[in-house]
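> Quick one, what's the 3D model for this:
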Amino acid sequence: MTGAVVTKSSPVVVVPSESKQTTTPPASHTVALSSFDLCMLPFPMKLVLAFDRPIHEPVETIKRALSRELDHYQPVAGRLDGEGGIACTGEGVVFVAASASCALDEAMASTLQEMDLTVSCPGVFCRDADPLLLVQVTEFSCGGFVVGVTWNHLLADGAGIGQFLCAVGELARGVSPPSVTPVRHWDDALRGLPTTMVRAQRSTVDNNGSRYLVRHDIAIPLSLVSRIKGESGGCTAFEAVAAVIWRCRTRAVASPADDSPAPLCFPCNVRALVGAGAGYYGNCVVGQVVPATSGAVASSSIADLALLVRRAKESVLDLLLPGSSGHGEARHQGGAQAAPLRWYDSLGVISWVNLGFDAADFGGGRAARVIWHEDRTLLPGCMVCPPCRGDAFSVSSLCVKPEHADAFLRELDLLGIQYW
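Okay, here's the model as predicted:
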């Protein structure tokens, strides 16, 4: 399908509904950023949820629910204070209503990821004065709609935004108050991150700006994942998918004899390990690294690579110990050195499965598609997105330069993996 047009209205600001009922906004207070928040850069993350079942007036329904939800999630309507906190000023979030000139099923079959379905921040990084959340609701000619969400990563991680969107959906369906009581304040009694690790985590990302890479949408067959799980002795689906992309990408960008670093990076949700309670929606992830050389990755079986990922996941508790360098015991696996990495050396793989994105329901049922809606990234990477597409895992990829794209696709072909 070609020629689909998205028409946007002018942005408006949605504020907490309670502040609309008074002549002055509520008194602001400040939520301190935790050590987990401070590991993050203020990079805007973009998410698209596609709903193929119509609801009544999706734009107004979601806009009203969003306003009411900000009463419960006051930091979301605030601003960074420039001093390590979020000031709950009640200034609100940006909201854009839009319409598309095609049916949603047409777009999902081909160009959904290329359409203008999210609101962009002015720069590569979010500024302190910028809204922490920007939402666009796009209605399609068939009655289906898309909710596009852009958020400052300092506000929340994926699990936190998933919780927030599910709560907006509950209010849109008439469920009030939300079933999960939100918590943004970090209890000082909980385990935080060592200072050395905060510095190390931030230093693993090149913060000189995002880079444009070739986008691919990939469907990794369940049959392939099952085979890898069997050969590895029981790895998880994420570990299998990460290993597939890691080897294919490494073979595409480096020669088999290359001994340059080719580490795999992935975040781990550590809420259970640090004692964060139910409803906490701030950042609570740490980045884990599986170091290896290009030659080792290119020559290894996918099952063996999946086991490397598993061992790194199992050692994540080491990252939380005082004196941690931020890379845990995995730093010593595979022969890689601890020297700083060049931007294109690393591959990041993130899972958006089980974060609640596909559970958000604004009145017509769950999302039919969840899409990582980026055209640039700080680190070459992939997003494993729910739900599975038929009998395959859906992966959104920005991991190779144009000159390596053909070789990357040839590696996928060898494994019988579809892409577009």
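
> Which stretches in the stretch 1-150 of the chain count as helices?
17-20, 35-38, 58-72, 104-108 (DSSP state H, counting those that start in this stretch).

> Mind putting those helices into TSV with mean neighbour count and mean pLDDT?
Heads up, the C-betas are built off the backbone N, CA and C, glycines and all. Output for the helices of the stretch 1-150 of the chain, formatted as TSV (neighbours: other C-beta atoms under 10 Å; pLDDT from 0 to 100):
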stretch	mean neighbour count	mean pLDDT
helix 17-20	16	69
helix 35-38	20	92
helix 58-72	21	98
helix 104-108	20	89
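
> Of all those, which one is nearest T150?
helix 58-72 (13.6 Å; C-beta to C-beta).

> before we move on, back to that, kindly reformat the helices of the stretch 1-150 of the chain as a markdown table containing distance to E403.
Shown next, in a markdown table, are the helices of the stretch 1-150 of the chain (distance: least, C-beta to C-beta, whole Å):
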| stretch | distance to E403 |
| --- | --- |
| helix 17-20 | 51 |
| helix 35-38 | 36 |
| helix 58-72 | 42 |
| helix 104-108 | 30 |
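
> where exactly do the strands run in the stretch 101-250 of the chain?
133-139, 145-152, 214-221 (DSSP state E, counting those that start in this stretch).

> about what we covered before: so which of the helices of the stretch 1-150 of the chain gets nearest A4?
helix 104-108 (6.2 Å).

> So which elements touch the closest one?
Applying 3 or more C-beta pairs under 8 Å, 6 or more residues apart in numbering; DSSP states H and E, we find helix 104-108 packed against strand 44-51.

> what angle sits between the strand it packs on and strand 133-139?
30 degrees (axes from the mean of the first three to the mean of the last three C-alpha atoms, to 10 degrees).

> What sits closest to P44 if chain neighbours are left out?
The shortest distance from P44 to any residue other than its chain neighbours is 4.5 Å, reached at C121 (C-beta to C-beta, 6 or more residues apart in numbering).

> Name all residues that make contact with the one you found.
44, 130, 134, 150, 152 (C-beta atoms under 8 Å, 6 or more residues apart in numbering).

> between these, which is closest to S99?
Of these, the one sitting nearest to S99 (C-beta to C-beta) turns out to be L134, at 17.9 Å.

> Pretty sure L319 is one of the things M197 touches, is it not?
Yes - contact criterion C-beta atoms under 8 Å: M197 and L319 qualify, at 6.3 Å.

> Stretch 158-175: how far from the chain's middle?
Distance, stretch centre to chain centre, for stretch 158-175: 16 Å (C-alpha atoms, centre = their mean, to the nearest Å).

> Stretch 173-186 now?
21 Å.

> and the chain, what are its domains?
25-172, 195-350+377-419 (automatic domain parsing).

> Now do the end-to-end distance for the longest one.
Read it as domain 195-350+377-419. Terminal residues of domain 195-350+377-419 are spaced 42 Å apart (C-alpha to C-alpha, to the nearest Å).

> One more: stretch 281-297?
Termini of stretch 281-297 sit 35 Å apart (C-alpha to C-alpha).

> May I see the buried residues of stretch 369-376?
Across stretch 369-376, burial judged by 16 or more other C-beta atoms under 10 Å covers 369-374.

> What is the end-to-end distance of that stretch?
End residues of stretch 369-376 are separated by 20 Å (C-alpha to C-alpha).

> contact partners of that stretch?
Against stretch 369-376 from outside (C-beta under 8 Å, 6+ apart): 46-50, 108, 112-113, 117-118, 124, 148, 210-213, 215, 352, 357-358, 383, 385-387, 394, 396, 398.

> ChimeraX command for the buried members of these?
In ChimeraX, this line selects whichever of the contacts of stretch 369-376 come out buried by 16+ other C-beta under 10 Å:
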select :46,47,48,49,50,108,112,113,117,118,124,148,210,211,213,215,352,357,358,383,385,386,394,396,398
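
> Between the domains of the chain, which one is closest to S9.
domain 25-172 (4.5 Å).

> highest average neighbour count across the strands of the stretch 101-250 of the chain?
The highest mean neighbour count among the strands of the stretch 101-250 of the chain, using mean count of other C-beta atoms under 10 Å, belongs to strand 145-152: a mean of 25.

> tell me what that one is packed against?
strand 44-51, helix 58-72, strand 133-139, helix 158-172.

> Could you tell me the angle between that strand and helix 58-72?
30 degrees.

> and strand 145-152, C-alpha only, in CSV?
Extracted as CSV, the C-alpha positions of strand 145-152 are listed here (Å, rounded to 0.1, in the frame of the first residue of the first chain):
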residue,chain,number,x,y,z
PHE,A,145,-7.3,3.4,15.7
VAL,A,146,-3.7,3.7,16.8
VAL,A,147,-2.4,5.1,20.1
GLY,A,148,1.1,6.5,19.7
VAL,A,149,3.1,7.2,22.8
THR,A,150,6.4,9.0,23.2
TRP,A,151,7.9,9.3,26.7
ASN,A,152,11.1,10.5,28.3
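
> Partner strands of it, with direction?
strand 44-51 (antiparallel), strand 133-139 (antiparallel) (DSSP bridges).

> Contacts for the shortest one, please.
Outside of strand 133-139, the residues within contact range by C-beta under 8 Å, 6+ apart are 6, 8, 14, 58-59, 62-63, 66, 76, 93-100, 115, 117-121, 145-152, 155.
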